[in-house]
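Q: sequence-free structure coming up:
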C-alpha cells in the first residue's frame, strides 16, 4: 500500500466550541442562538489536522517521509520564526524546525510567527490540558502566530495546526509544489470524518472515494 497523508480541515472553527465539546459545563454556558447570540459569537480560527499511515503503521511522523508533509508545511510558513515549548514550559528557538516537525518527541507545542511570539502564552498552552489553554492559544493566534501540537497516534505522531488565517488553499498548493513519490495525499473536511470508519477511509474506500474527499495530485 502507498503511504497515505490526510489533511483534515475545519474552516472556520470556534476555539470555545472545542472546549465545550470536552467540557459539559462549557456547553451549558455557550452563547445563545439568535441576534444576541450572533453578537456574542466567539472569533473564528482555522484548524488543520495532518495524519498518515502506510498499511502497517498509523501515524504521520512514522509512516510519511519528511518531503510528504514537512517541506510543504515549511513553505506555507516560510516567512516565520519558529519557537517550541517543552512540557515543562520552557521555550526555545530551534535553528531548524524540520527535525521537530518530523520527530516531535520533545515538543509539547510549536509556533511559527513573523513577529516575536508571546512566550508566556506558548508555555501555557504547552503545559496545560488543551481546553484550559484556550485563552492563551487565542492570544497567540490573535497576534498572528500559527500553533502546532503533536497528537499521539498508534505509531508516532500526527499534527494539529491552528491559525488565524485559512490554511487549506496554501497547504494544498504546497503539496502540489512538492511531489512525494509513493505518497497519496488527500484533503477532506474534518466534520465529515468524525467516525473511525471515515477517519481511516483508506482502509475501506481508497479506490471508491466519496466526492467530499479530494486527492491532491
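A: Yep, it's here. Quantities reported herein were computed from a predicted structural model and do not represent experimental measurements.
Q: go through the lengthiest strand in the chain and flag the buried ones.
A: Of all segments of type strand in the chain, defined using DSSP state E, the longest is strand 3-14. Residues of strand 3-14 classed as buried by neighbour count (16 or more other Cβ atoms under 10 Å): 3, 4, 5, 6, 7, 8, 9, 10, 11, 13, 14. C-beta coordinates here come from the backbone N, C-alpha and C atoms, glycine included.
Q: strand partners of the one helix or strand residue 147 maps to, parallel vs antiparallel please.
A: According to DSSP states H and E, residue 147 maps onto strand 146-152. Using DSSP bridges, the strands paired with strand 146-152 are strand 109-113 (antiparallel), strand 157-163 (antiparallel).
Q: so where's the chain uncertain?
A: For the chain, residues meeting the criterion pLDDT under 70 lie at 1, 16-43.
Q: where along it do the helices fall?
A: For the chain, applying DSSP state H gives helices covering 15-22, 24-28, 35-40, 60-63, 66-76, 98-102, 119-127, 134-142, 168-177, 196-199.
Q: hey, which of the ones you listed is tucked in deepest?
A: Mean neighbour count (mean count of other Cβ atoms under 10 Å) peaks for helix 60-63 among these, with a mean of 24.
Q: now do that helix: distance to the chain's middle.
A: Offset of helix 60-63 from its chain centre (Cα atoms, centre = their mean, to the nearest Å): 15 Å.
Q: contacts for it, please.
A: Applying Cβ atoms under 8 Å, 6 or more residues apart in numbering, the contact partners of helix 60-63 are 3-5, 50-54, 57, 69, 102-104, 150, 153, 155-159.
Q: mind redoing it with 6 Å?
A: 3, 50, 51, 52, 53, 54, 57, 102, 155, 156, 157, 158 (Cβ atoms under 6 Å, 6 or more residues apart in numbering).
Q: do I have it right that the third one meets residue 6?
A: In other words, residue 51. Yes: counting by Cβ atoms under 6 Å, residue 51 does reach residue 6; the two are 4.7 Å apart.
Q: contacting residues for residue 114?
A: So residue 114 contacts 79, 80 (Cβ under 6 Å, 6+ apart).
Q: check residue 215 too.
A: residue 186.
Q: still on that earlier bit, list the buried ones in the strand holding residue 147?
A: Result for strand 146-152 [16+ other Cβ under 10 Å]: buried residues 146, 147, 148, 149, 150, 151.
Q: and the angle from that strand to helix 119-127?
A: With axes from the mean of the first three to the mean of the last three Cα atoms, to 10 degrees as the basis, strand 146-152 and helix 119-127 are set at 20 degrees to each other.
Q: name the surrounding residues that touch strand 146-152.
A: 77, 104, 109-112, 140, 157-163.
Q: and with 7 Å instead?
A: Strand 146-152 is contacted from outside by 77, 104, 107, 109-112, 125, 137, 140-141, 157-163, using Cβ atoms under 7 Å, 6 or more residues apart in numbering.
Q: how distant is it from the center of its chain?
A: That offset, for strand 146-152, works out to 6 Å (Cα atoms, centre = their mean).
Q: how about residue 161: what's its closest non-neighbour residue?
A: Leaving out its chain neighbours, the residue that sits closest to residue 161 by Cβ to Cβ, 6 or more residues apart in numbering is residue 48, at 4.1 Å.
Q: on that earlier part again, need the winner for burial among the strands paired with strand 146-152.
A: strand 109-113 (a mean of 25).
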